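Asker: heads up, no residue letters with this:
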């Protein structure tokens, strides 16, 4: 997609959930969630809104989530930015 890359996009009714996936084997260099810098959030937002516009539908809402994987543990953070 021209606006950037999206990891996971899901839809339930009028809600579009964009989920960025961040994974680390260990937290030696920081947690997966810490990897979601302000710049990365801006890029995901830009790509998410570009995707939303491409649907050409009115009344849609968008939510930005992060799936944080540390080793084999998954944590979901909904509507985080």
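Answerer: All right, it came through fine. Being a predicted model, the structure only gives us computed values, none of them experimental.
Asker: the strands in the protein, which residues?
Answerer: Under the criterion DSSP state E, strands of the chain are mapped to 8-12, 15-24, 61-70, 73-77.
Asker: Mind giving me the packing neighbours of the last one?
Answerer: Spelled out, that is strand 73-77. Here strand 73-77 is seen to pack against strand 61-70 when contacts are counted using 3 or more CB pairs under 8 Å, 6 or more residues apart in numbering; DSSP states H and E. C-beta coordinates here come from the backbone N, C-alpha and C atoms, glycine included.
Asker: Pull up the pairing partners for the strand it packs on, direction included.
Answerer: Strand 61-70 has its sheet partners listed here by DSSP bridges as strand 15-24 (parallel), strand 73-77 (antiparallel).
Asker: Could you tell me how far that strand lies from the centre of the chain?
Answerer: 4 Å (CA atoms, centre = their mean, to the nearest Å).
Asker: per-residue confidence for the nearest residue to residue 23 once chain neighbours are set aside?
Answerer: Distances taken as CB to CB, 6 or more residues apart in numbering place residue 69 nearest to residue 23, at 3.9 Å, with adjacent residues excluded. Predicted confidence (pLDDT) for residue 69: 98.
Asker: out of the strands paired with strand 61-70, deepest packed?
Answerer: The highest mean neighbour count among the strands paired with strand 61-70, using mean count of other CB atoms under 10 Å, belongs to strand 15-24: a mean of 17.
Asker: Give me the residues contacting that strand.
Answerer: For strand 15-24, the surrounding residues in contact (CB atoms under 8 Å, 6 or more residues apart in numbering) are 6-11, 30-33, 35-36, 40, 44, 47-48, 51-52, 55, 60-71, 78.
Asker: Could you report the distance from the residue nearest to residue 23 to residue 4?
Answerer: The gap separating residue 69 from residue 4 is 21 Å, by CB to CB, to the nearest Å.
Asker: Check residue 10 too.
Answerer: Separation of residue 10 from residue 4 (CB to CB) stands at 17 Å.
Asker: With neighbour numbers in mind, choose between these two.
Answerer: A count of neighbours by other CB atoms under 10 Å puts residue 4 above the other of residue 10 and residue 4, at 14 against 11.
Asker: Thank you, goodbye.
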